[in-house]
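Student: Everything below, folded, please.
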Amino acid sequence: MIVGIIIAAVVAILVIWVIASYNGFIKAKNNVEESFSTMDVYLKKRYDLIPNLVETVKGYAKHEAETLNQVISARNMAEGAATMEDKIQGENMLTGTLRSLFAVAENYPDLKANQNFMDLQGQLRQVEEDIANARKYYNAVVKLFNNKCEMFPTNILAGLFHFDQKPMFEVETEAERQNVKVEF
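Tutor: Numbering: from 1, shown residues only. This next block holds a predicted model:
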């Protein structure tokens, strides 16, 4: 009789632990999805600003068409990404092409003085700060989720219920990690 009660208590504790751990995974997964969606809102704002910025630069830099086409191409690739991994890769590519766009703008003093360009650049700078903060938050919740997926004993449940690790938003190339060279 006592053995039966002990076995029932152990089974009950195990069932409660499985339920609590599963619900913890669901909460962590939803946090990851929510944080990615928040970042996606800022990315959409960025996508909307880029065509206006490119059109403004086009008027001043007609022979810089290749750079402008690269920016638009990168924007379209990032915006049309289907998976989280593709979105991360596309965003990293877009960030690099935006640097090229601003480098082109530096060659045109009249453009740098244009109020429309300055407003767009300021808006884009603010959106970039929002995106950076959203990426930090996303990476923080992904870290918590991935820790649950890897740490014992919750890694057993992660395998049973197919909770797979999520990708971090990272800098992809060594060139992006280098300091920016400023020359006067």
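Student: okay, CA-based contacts and neighbour counts for the rest of this
Tutor: Fine.
Student: pLDDT averaged over the helix or strand harbouring residue 43 - what is it?
Tutor: Assigned by DSSP states H and E, residue 43 belongs to helix 2-60. Mean per-residue pLDDT for helix 2-60: 90.
Student: how far is that helix from where the chain is centred?
Tutor: 13 Å (Cα atoms, centre = their mean, to the nearest Å).
Student: just checking, what packs against that helix?
Tutor: Packing contacts for helix 2-60, counted by 3 or more Cα pairs under 8 Å, 6 or more residues apart in numbering; DSSP states H and E, involve helix 65-79, helix 109-113, helix 115-150, helix 154-160.
Student: mind running it again at 10 Å?
Tutor: helix 65-79, helix 84-106, helix 109-113, helix 115-150, helix 154-160 (3 or more Cα pairs under 10 Å, 6 or more residues apart in numbering; DSSP states H and E).
Student: Just send the ones you listed back as CSV, with mean pLDDT too.
Tutor: Converted to CSV, those look like this (pLDDT from 0 to 100):
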stretch, mean pLDDT
helix 65-79, 80
helix 84-106, 80
helix 109-113, 64
helix 115-150, 89
helix 154-160, 94
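Student: so which of these gets nearest residue 46?
Tutor: helix 115-150 (6.4 Å; Cα to Cα).
Student: Give me the distance from the closest one to the chain's centre.
Tutor: Averaging C-alpha positions (Cα atoms, centre = their mean) puts helix 115-150 7 Å from its chain's average.
Student: How about that helix, which residues are buried there?
Tutor: 117, 120-121, 124, 127-128, 130-131, 134-143, 145-146, 148-149 (16 or more other Cα atoms under 10 Å).
Student: what helices or strands is that helix leaning on?
Tutor: helix 2-60, helix 84-106, helix 109-113, helix 154-160.
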